[in-house]
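# This is a predicted model, with the sequence first.
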Amino acid sequence: MEHFVDREDELSRLRSCYESDGAKMIVIFGRRRLRKTQLVQHSLSDREDAVVYQATETTSQIQLNEFVDVASETFPRITQIKQNWEALLGYLGDQNGIVVLDEFPYLINADRSLPSVIQRLWDQRFQNTSGTLILVGSSISMMEEATLLGNSPLYERFTERLDLRPLDFAAAQEFVSDDYSPQERIITLGIFGGVPSYLDGVELNQVLGTVLTEEVLSQKDISTTNQSTCSGPNSRTRTDTLRSSPQLPRERRHRTKSPKQWISMENRFQRIPRN
């Protein structure tokens with residue numbers, strides 16, 4: 001099970017929206033691996049009036065079919081509603097339900113008219129309900145285009161906006177083993193930052209194996225990578241080491257710390273508590 005840490009402010013804001021009167025539209029966006037989906041699910045853990053649909057990258061008709069299948073578990077009569085977004089979302093709004101459209105950019109890719117459909121639904125029907133519509137996405141540019149920019153269909157229609165960021169240093173430490181020294185914590189957090197999905201279950205030897213290998217290779221000519229890194233019958237090449245080491249996520253590789261930076265960070269955080 002994924003480890004849920006911090007986000008108390010975001011949880012409070014979401015739950016306050018759920019309890020408030022009138023229609024609500026909430027926009028949640030941020031880079032991948034920040035566990036936006038988990039945040040929403042956690043906020044709805046005690047609700048029985050929510051539909052959480054995580055879209056897949058497929059056709060609009062398949063997405064509609066999947067949405068009805070998910071929604072029918074909470075609102076069985078939705079199977080009798082015409083299968084288009086305006087009718088389905090309008091029906092759930094009339095039931096004062098909470099509807100989560102996760103991976104919203106996938107829905108837009110399949111049906112470019114969806115933001116304007118939601119705009120009309122919001123202006124003409126949803127406003128008269130106590131329903132909640134939550135739009136979640138990792139493609140920041142598409143989320144901004146659909147909801148935040150001045151010419152977007154949903155501009156200034158949302159009730160709450162959550163721009164999810166990586167965890168701060170204190171919260172991120174909760175993912176790191178109590179057995180780690182302050183220096184080891186600095187190395188781990190310096191590499192992975194406050195991204196929960198990267199930190200959850202990480203082992204320091206994996207971190208060091210990957211980073212030190214990449215550090216060596218980055219300062220050696222590629223032609224030397226087949227030289228042995230140690231002597232003896234069990235010696236391994238740098239290429240072997242690289243292949244056997246767990247890889248850092250692509251978007252994080254360019255942000256790893258050099259040994260000099262680690263030493264500097266270590267000196268600054270010598271007194272960090274271990275728990």
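Now that the structure is in, tell me what you want to look at.
# separation between residue 76 and residue 60?
In this view, residue 76 and residue 60 are 23 Å apart by Cβ to Cβ, to the nearest Å. (Each C-beta comes from the backbone N, C-alpha and C, glycine too.)
# more neighbours, these two?
Between residue 76 and residue 60, residue 60 has the larger neighbour count (other Cβ atoms under 10 Å), namely 16 against 9.
# if I read this right, the more buried one contacts residue 111, doesn't it?
Yes - counting by Cβ atoms under 8 Å, residue 111 is a contact partner of residue 60 at 4.3 Å.
# helices or strands up against the helix or strand residue 133 falls within?
Using DSSP states H and E, residue 133 maps to strand 132-137. In terms of contacts (3 or more Cβ pairs under 8 Å, 6 or more residues apart in numbering; DSSP states H and E), strand 132-137 is packed against strand 24-29, helix 36-43, strand 98-102, helix 104-110.
# now the longest one: how far from the chain's centre is it?
Relative to the centre of its chain, helix 36-43 is centred 10 Å away, using Cα atoms, centre = their mean, to the nearest Å.
# Kindly format the C-alpha coordinates of the helix or strand following that helix as CSV.
Moving toward the C-terminus from helix 36-43, the next helix or strand (DSSP H and E) is strand 50-54. Taking Å, rounded to 0.1, in the frame of the first residue of the first chain, the C-alpha atoms of strand 50-54 are listed here in CSV:
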residue,chain,number,x,y,z
ALA,A,50,-18.3,9.9,-5.0
VAL,A,51,-17.4,8.7,-8.4
VAL,A,52,-13.7,8.5,-9.1
TYR,A,53,-12.9,7.8,-12.7
GLN,A,54,-9.3,7.5,-13.8
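# how close does residue 82 get to residue 6?
Taking Cβ to Cβ as the measure, residue 82 falls 42 Å from residue 6.
# hang on, isn't residue 121 packed against residue 91?
No - contact criterion Cβ under 8 Å: residue 121 and residue 91 do not qualify, at 10.6 Å.
# how close does residue 177 get to residue 87?
51 Å.
# Let me fix that, I meant to ask about residue 24.
Distance, residue 24 to residue 87, using Cβ to Cβ: 20 Å.
# which of those two has more neighbours?
Using other Cβ under 10 Å, the more surrounded residue of residue 24 and residue 87 is residue 24, with 22 against 13.
# Would you confirm that residue 65 contacts residue 79?
No - under the criterion of Cβ under 8 Å, residue 65 makes no contact with residue 79, lying 10.7 Å away.
# From the contact counts, what lies against the strand or helix carrying residue 183?
Taking DSSP H and E as the definition, one finds residue 183 inside helix 182-192. In this structure, helix 182-192 packs against helix 196-199, helix 204-218, helix 259-268, with contacts taken as 3+ Cβ pairs under 8 Å, 6+ apart.
# In the first one, which residues are buried?
Using 16 or more other Cβ atoms under 10 Å as the burial criterion, the residues of helix 196-199 that qualify are 196, 197, 198, 199.
# Show the pLDDT at the nearest residue to the third one once chain neighbours are set aside.
Going back to what we said before, that points to residue 198. Using Cβ to Cβ, 6 or more residues apart in numbering and skipping the chain neighbours, the partner closest in space to residue 198 is residue 192 (4.2 Å). Note on residue 192: pLDDT of 77.
# neighbour count winner among residue 82 and residue 6?
residue 6 (15 against 9).
# Next, give phi and psi for that one.
phi 60, psi -140 (degrees, to the nearest 10).
# where in the stretch 51-200 of the chain is pLDDT low?
Per-residue confidence for the stretch 51-200 of the chain (pLDDT under 70) gives these ranges: 148-150.
# My guess is residue 94 contacts residue 130. True?
No - with contact defined as Cβ under 8 Å, residue 94 does not reach residue 130; the gap is 9.9 Å.
# okay, those two: which has more neighbours?
A direct count of neighbours by other Cβ under 10 Å for residue 94 and residue 130 places residue 130 higher, at 17 against 14.
# Alright, calling it a day.
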